[in-house]
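Novice: Got a sequence here, can you model it:
(chains A and B)
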Protein chains: 2
Amino acid sequence: MKKIFLLLSMLTSGAVSALEALPMVPPIPADNPMSAAKIELGKQLYFDPRLSIDGTVSCNSCHNVMATGTDSRPTSVGINGQRGGRNAPIVWNAAFLTAQFWDGRAATLEDQAKGPPLNPIEMGMPSEQAVVDRLNSISGYKSQFENVFGQVSYDNMAKAIAAFERTLITPNSPFDLHIKGDKSAMSAKAIEGMKVFQNVGCSGCHSGVNFAGPQLAMGEGFYQKFPMNDSKYTAKYDFKADKGRYEVTKDKGDMHMWRVPTLRNVAVSAPYFHNGSVNTLSEAVRVMGETQLGATLDDGQVEKIVAFLEALTGEFPVLTMPRLPDTSTTSLVGTVK
Amino acid sequence: MKKIFLLLSMLTSGAVSALEALPMVPPIPADNPMSAAKIELGKQLYFDPRLSIDGTVSCNSCHNVMATGTDSRPTSVGINGQRGGRNAPIVWNAAFLTAQFWDGRAATLEDQAKGPPLNPIEMGMPSEQAVVDRLNSISGYKSQFENVFGQVSYDNMAKAIAAFERTLITPNSPFDLHIKGDKSAMSAKAIEGMKVFQNVGCSGCHSGVNFAGPQLAMGEGFYQKFPMNDSKYTAKYDFKADKGRYEVTKDKGDMHMWRVPTLRNVAVSAPYFHNGSVNTLSEAVRVMGETQLGATLDDGQVEKIVAFLEALTGEFPVLTMPRLPDTSTTSLVGTVK
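Specialist: Coordinates of the predicted model:
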């Protein structure tokens, strides 16, 4: 009920939501404080394909931080060329989301990080213990876990990865600079687009620092039905084949409900929607107008909104590459048939 | 004839080869001078999975520079989970080799870089033109190629990747420090091992700055027959299934001939041999004694040689991550079934 009330209040207040700049630091959970050693360990784990059964898939394979935090494909490719069912969400700024995955089934980045290693389509490890055993077999990991956490555990692996992910922030988009007072940062068209974005109601849901809804308590997801209205797009892009959050809760009220995704860096993270079925941002905007707002946006409105969304592309910080601990003869060598 | 003469002269001079430190700069070909912009472009290409047909495999997938320059598996995994036939060579210090691939079929790093994108097991692009078309469709690449080379071409792609690879040098191994005068850099056992390495004849072939043979002209590979002598290991590790350089030349004199691989960083790049069949360095040393030198090394000799080989692990420099140019709607999005 609380969520529905919140949704309604957002929708009715709709057009006037304040737009906010991105903070440099996301919420940090009390039980996983940041440290340089933990972040460095998390970075190694994030880039390490040895978290997958055959050593071919790392977190970065699908959420590529050398690119825009995703993999530029409709749905991702896991071990043995298997295709996943949903578009890989952008990892940049994910730390600001209060629920993870398209269906919000993980409350935190820590919870999220525990999913893919055991997913048979993604990284295919048979059990948490198998992951722990492999990490323990790599002496460079064992010693770092002991230093940071006391021991290797699956939860500690997730904590380290989450700590690294909390450093993945893209500040200083033209929009952020604009909000902070640099009135030359956004083009005139982008500024017009910002007004259209607010006036037609996009900001009813795409509000908050991450354009993914209001800042709720961690674990409290901000969901919306998609598609809200059926239109020619529903069949064209097969939007209803996936039941969304219903698949998690089996609650009919969650049928086709989805966590509202961030719009930050959206211009560089095609393709769009949970099934990655739409290739261009202008088409995605048209779809959203029709399905969510019941409005057929004209070409001028679409063009302006796209210009605004392009102004949400932030600065991707330069990262140093991690150095992955050496493989021992039991960590991967010889295990691949 | 020239090669055979050289081999014989190496083998007879054998034990007394001088050992040399690794230079900081490898040979640079006159037709591919280094520049910061070219190296940066090459780094992006090296890490970009869009060089593979389905966007899953980059150069770095198999020659992982965040690790020891290889993938810690017997043979590599390409697109669609396909397995290659040979162990991925270490990319670190490959710039010092005068022939590339296990069979020396590429004369230079440039030639080498043109292989994997078109290999149906590795990256699976259908043609050079398909690679060029994809690069041209990514505006961030098109502009960089125009800036560095004038235009996108398959050869220019290879030149950029080779330029990046020429920066992948691991200096300052304990052995290098020792050679430069730091007599505390190597352990006493490693120093003993160095003597055994020379005395039993390993350095007959594993000589030169890269422990991969004498510095020949670029394109002039330094080859050896492996296994030279049959032993219990030939069948155990199936060493003769692959005919080596014969597969390239169809010359009977090249049957089971292989380019002598570097020993730098060998301690951290298991598994060993062209088929990755041997998991431990001590076993690899035993095999080499038996098959190449006709000598059954005792445990003490093996242990000392291993200690010496461990002293060949260099310093892996900290690299910054490249930022890959954004995917356009024609470069990959929607192309993956």
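Novice: just the strands in the stretch 201-337 of chain A please.
Specialist: Applying DSSP state E, counting those that start in this stretch to the stretch 201-337 of chain A gives strands spanning A:223-225, A:257-259.
Novice: Contacts for the last one next, please.
Specialist: Outside of strand A:257-259, the residues within contact range by CB atoms under 8 Å, 6 or more residues apart in numbering or on different chains are A:97, A:99-104, A:212, A:221-226, A:244-246, A:274. (Glycine included, C-beta is placed from N, CA and C.)
Novice: how about 6 Å then?
Specialist: Contacts with strand A:257-259, where a contact means CB atoms under 6 Å, 6 or more residues apart in numbering or on different chains, come from A:99, A:102, A:104, A:221, A:223, A:225-226, A:244-245.
Novice: What mean pLDDT does it get?
Specialist: What strand A:257-259 shows for mean pLDDT is 97.
Novice: nearest to residue A:79, of the contacts of strand A:257-259?
Specialist: residue A:102 (20.8 Å; CB to CB).
Novice: Roughly how far does the closest one sit from residue A:273?
Specialist: Separation of residue A:102 from residue A:273 (CB to CB, to the nearest Å): 9 Å.
Novice: swap in residue A:94?
Specialist: For residue A:94, the distance to residue A:273 - CB to CB - is 18 Å.
Novice: Same check on residue A:170?
Specialist: Counting by CB to CB, the gap from residue A:170 to residue A:273 is 21 Å.
Novice: Residue A:154 now?
Specialist: Going from residue A:154 to residue A:273 by CB to CB gives 32 Å.
Novice: Which one of those two is surrounded by more residues?
Specialist: residue A:273 (24 against 19; other CB atoms under 10 Å in any protein chain shown).
Novice: and the more buried one, what does it touch?
Specialist: Neighbours of residue A:273 in contact, by CB under 6 Å, 6+ apart: none.
Novice: looking at the strands of the stretch 201-337 of chain A, which is buried most?
Specialist: Highest mean neighbour count among the strands of the stretch 201-337 of chain A (mean count of other CB atoms under 10 Å in any protein chain shown): strand A:257-259, with a mean of 23.
Novice: Give me the distance between that strand and the centre of its chain.
Specialist: Distance of strand A:257-259 from the chain centroid (CA atoms, centre = their mean, to the nearest Å) equals 13 Å.
Novice: so where is the stretch 201-337 of chain A shaky, pLDDT-wise?
Specialist: A:333-337 (pLDDT under 70).
Novice: need the helices for it, in chain order.
Specialist: A:232-236, A:246-249, A:281-293, A:299-310 (DSSP state H, counting those that start in this stretch).
Novice: What residues does the stretch 201-337 of chain A have near chain B?
Specialist: Contact residues (CB under 6 Å from any CB of the partner chain) of the stretch 201-337 of chain A with chain B: A:268, A:270-271, A:279-280, A:316, A:318-324, A:326-327, A:329, A:332-334, A:336.
Novice: Just give the nearest non-adjacent residue to residue A:247, would you?
Specialist: Spatial nearest neighbour of residue A:247, chain neighbours left out: residue A:103 (6.3 Å); criterion: CB to CB, 6 or more residues apart in numbering or on different chains.
Novice: I'd assumed residue A:248 was in contact with that neighbour.
Specialist: Yes - contact criterion CB atoms under 6 Å: residue A:103 and residue A:248 qualify, at 5.0 Å.
Novice: what residues are shared contacts of those two?
Specialist: Common contact partners of residue A:103 and residue A:248 (CB under 6 Å, 6+ apart): none.
Novice: Compare those two (neighbour count), which wins?
Specialist: Remark: of residue A:103 and residue A:248, residue A:103 carries more neighbours, 23 against 15, as counted by other CB under 10 Å.
Novice: helix/strand/coil for that one?
Specialist: For residue A:103, the assignment made with DSSP: H, G, I helix; E, B strand; the rest coil gives coil.
Novice: Next, the contact list for it, please.
Specialist: A:244-245, A:248.
Novice: And the pLDDT at residue A:6?
Specialist: Residue A:6 is assigned 46 on the pLDDT scale.
Novice: closest one to residue A:21 among the helices of the stretch 201-337 of chain A?
Specialist: Of these, nearest to residue A:21 by CB to CB is helix A:299-310, at 14.7 Å.
Novice: and the closest one, which residues are buried?
Specialist: Neighbour-count burial for helix A:299-310 flags A:301-310 (criterion: 16 or more other CB atoms under 10 Å in any protein chain shown).
Novice: residues making contact with it?
Specialist: Residues contacting helix A:299-310 (CB under 6 Å, 6+ apart): A:189-190, A:192-194, A:196-197, A:266-267, A:281-282, A:285-286.
Novice: Make CSV out of these and add distance to residue B:121 and neighbour count.
Specialist: Converted to CSV, the contacts of helix A:299-310 look like this (distance: CB to CB, whole Å; neighbours: other CB atoms under 10 Å in any protein chain shown):
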residue, distance to residue B:121, neighbour count
A:189, 48, 16
A:190, 46, 22
A:192, 52, 18
A:193, 47, 25
A:194, 49, 24
A:196, 50, 19
A:197, 47, 25
A:266, 36, 22
A:267, 36, 19
A:281, 36, 21
A:282, 39, 15
A:285, 41, 27
A:286, 41, 22
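Novice: Please produce a markdown table containing these, extended by distance to residue A:20.
Specialist: Output for the contacts of helix A:299-310, formatted as a markdown table (distance: CB to CB, whole Å):
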| residue | distance to residue A:20 |
| --- | --- |
| A:189 | 22 |
| A:190 | 17 |
| A:192 | 20 |
| A:193 | 17 |
| A:194 | 13 |
| A:196 | 19 |
| A:197 | 14 |
| A:266 | 16 |
| A:267 | 19 |
| A:281 | 22 |
| A:282 | 25 |
| A:285 | 21 |
| A:286 | 26 |
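Novice: What is the nearest of these to residue B:25?
Specialist: Using CB to CB, residue A:267 is the member of the contacts of helix A:299-310 that lies nearest residue B:25, at 40.9 Å.
Novice: which residues touch the closest one?
Specialist: Contacts of residue A:267 (CB under 6 Å, 6+ apart): A:281, A:309-310, A:313.
Novice: Relative to chain B, how far out is the residue nearest to it when sequence neighbours are not counted?
Specialist: Nearest residue to residue A:267, sequence neighbours excluded (CB to CB, 6+ apart): residue A:310, at 4.3 Å. For residue A:310, the distance to chain B equals 11 Å [CB to the nearest CB, to the nearest Å].
Novice: Please tabulate the helices of the stretch 201-337 of chain A in JSON lines, including the columns distance to residue B:183.
Specialist: What follows is those, written out as JSON lines (distance: least, CB to CB, whole Å):
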{"stretch": "helix A:232-236", "distance to residue B:183": "74"}
{"stretch": "helix A:246-249", "distance to residue B:183": "64"}
{"stretch": "helix A:281-293", "distance to residue B:183": "63"}
{"stretch": "helix A:299-310", "distance to residue B:183": "61"}
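Novice: right, and these - which one's nearest residue A:73?
Specialist: Closest approach to residue A:73 among the helices of the stretch 201-337 of chain A is made by helix A:281-293 (15.7 Å; CB to CB).
Novice: helices and strands around that closest one, which ones?
Specialist: helix A:232-236, helix A:299-310 (3 or more CB pairs under 6 Å, 6 or more residues apart in numbering or on different chains; DSSP states H and E).
Novice: so it versus helix A:299-310, what angle?
Specialist: 100 degrees (axes from the mean of the first three to the mean of the last three CA atoms, to 10 degrees).
Novice: Run the chain-centre distance for helix A:281-293.
Specialist: That offset, for helix A:281-293, works out to 20 Å (CA atoms, centre = their mean).
Novice: Can you show me the CA trace of that helix as PDB?
Specialist: The C-alpha trace of helix A:281-293 is given here as PDB (Å, rounded to 0.1, in the frame of the first residue of the first chain):
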ATOM      1  CA  LEU A 281      16.900   6.700 -27.800                       C
ATOM      2  CA  SER A 282      14.400   8.700 -29.800                       C
ATOM      3  CA  GLU A 283      12.300   5.500 -30.300                       C
ATOM      4  CA  ALA A 284      12.600   4.800 -26.600                       C
ATOM      5  CA  VAL A 285      11.300   8.200 -25.800                       C
ATOM      6  CA  ARG A 286       8.400   7.800 -28.200                       C
ATOM      7  CA  VAL A 287       7.600   4.400 -26.600                       C
ATOM      8  CA  MET A 288       7.600   5.900 -23.100                       C
ATOM      9  CA  GLY A 289       5.300   8.700 -24.200                       C
ATOM     10  CA  GLU A 290       2.800   6.300 -25.600                       C
ATOM     11  CA  THR A 291       3.000   3.500 -23.100                       C
ATOM     12  CA  GLN A 292       3.500   5.400 -19.800                       C
ATOM     13  CA  LEU A 293       2.000   8.900 -20.400                       C
END
